[in-house]
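Enquirer: just need the structure, nothing else, for what follows:
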Amino acid sequence: MIKLSIIIPHFNESELLEKLLSSIPKNKKDIQTIVVDDMSDSRHLKIIEEFKSKYNFEFYQNNMIKSAGLCRNIGIDKAKGDWLIFADGDDYFCEDFYQKITKYLDKNYEVIFFSLTSQYIDTGKLADRHYSFNKKINNFINDKSKINESIIRYDFISPWSKMIKKEFMNTYNIRFDEECYPAEDVMLSTKIGFFMKNFDVSKDIIYCRVVRKGQITRTFSEDQFDVRLNARIARIKFLNQNLSKEEINLLNK
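Expert: Here you go, the predicted model:
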């Protein structure tokens, strides 16, 4: 029985994708790895086809509209595992990540939040992309106050370093925004935080964010600013409509 489905969108980064694929155990029958390509150049598609002889994964292509969110949604529909983990095609899992998540595979949680790390691709040195996420995790573990829980629920805005029950995603129809790149995960993370009832938070580090020059999260164009702003506005409207005044005040603090 497949316990875990790992969903990976990909676009023109086959060299980096190989590092991610190599960080996933190949001989575990309870892991399903899904790569969904987002209209890459033929050179990269050919390389990915060659990877099939080395790594155990399913390969699908998004031929509708260019959208990382749509790729992830295709992955959700193809997933057979009880649990879902999302990974970006240029990141990778830490060496012992599978051992760290195994203890949760049969637990009755809906979401597990894990710690992460980050690395500069050009120097291999420690980067700073993980500090704010780990601070939220550590604060909650040390003090499970309402404010720290609210921050975990609504300010841990990323699809990665979370393990999510597929049944939970389907029950509340939680999916990525397919027309909101590069902020397709804002409302998804917000809805996960709102609807989850049983969750856990772990200091275990399972995922590494790779930081490189020109990365979309480090590039600020006017169009990208507008997309991010509109996603945040939609998030604020959702929270104002669904949270109590007390919860809103906690988040404002």
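Enquirer: low-confidence ranges in the protein?
Expert: Residue ranges of the chain with pLDDT under 70: 213-220, 253.
Enquirer: now the strands for it?
Expert: Here the chain has its strands, by DSSP state E, at 4-10, 31-37, 58-61, 83-86, 92-93, 111-120, 162-165, 199-211.
Enquirer: Lys146: which of those is closest?
Expert: strand 199-211 (14.7 Å; C-beta to C-beta). For every residue, glycine as well, the C-beta is placed using N, CA and C.
Enquirer: now for that closest one, which elements pack on it?
Expert: With contacts taken as 3 or more C-beta pairs under 8 Å, 6 or more residues apart in numbering; DSSP states H and E, strand 199-211 sits against strand 92-93, helix 97-102, strand 111-120, helix 131-142.
Enquirer: tell me the most buried of these?
Expert: With neighbours defined as mean count of other C-beta atoms under 10 Å, the helices and strands packed on strand 199-211 peak in mean count at strand 92-93, which reaches a mean of 24.
Enquirer: that one pairs with which strands, and in what direction?
Expert: Here strand 92-93 is paired, per DSSP bridges, with strand 199-211 (antiparallel).
Enquirer: before we move on, back to that, and the strands of the chain: which comes nearest Ile248?
Expert: In terms of C-beta to C-beta, the element of the strands of the chain nearest to Ile248 is strand 199-211, at 20.5 Å.
Enquirer: gap between the closest one and the chain center?
Expert: Its chain's average C-alpha position is 10 Å from that of strand 199-211, according to C-alpha atoms, centre = their mean, to the nearest Å.
Enquirer: do the same with stretch 7-20
Expert: Counting by C-alpha atoms, centre = their mean, stretch 7-20 is centred 14 Å from the centre of its parent chain.
Enquirer: then stretch 84-94?
Expert: How far stretch 84-94 lies from its chain's middle: 7 Å, per C-alpha atoms, centre = their mean.
Enquirer: picking that back up, columns distance to Asn139 on top of the strands of the chain, output as a markdown table?
Expert: Output for the strands of the chain, formatted as a markdown table (distance: least, C-beta to C-beta, whole Å):
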| stretch | distance to Asn139 |
| --- | --- |
| strand 4-10 | 28 |
| strand 31-37 | 31 |
| strand 58-61 | 38 |
| strand 83-86 | 23 |
| strand 92-93 | 24 |
| strand 111-120 | 12 |
| strand 162-165 | 17 |
| strand 199-211 | 10 |
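Enquirer: before we move on, back to that, out of the helices and strands packed on strand 199-211, the one nearest Ile205 is which?
Expert: From those, taking C-beta to C-beta, the stretch that ends up closest is strand 111-120, at 4.6 Å.
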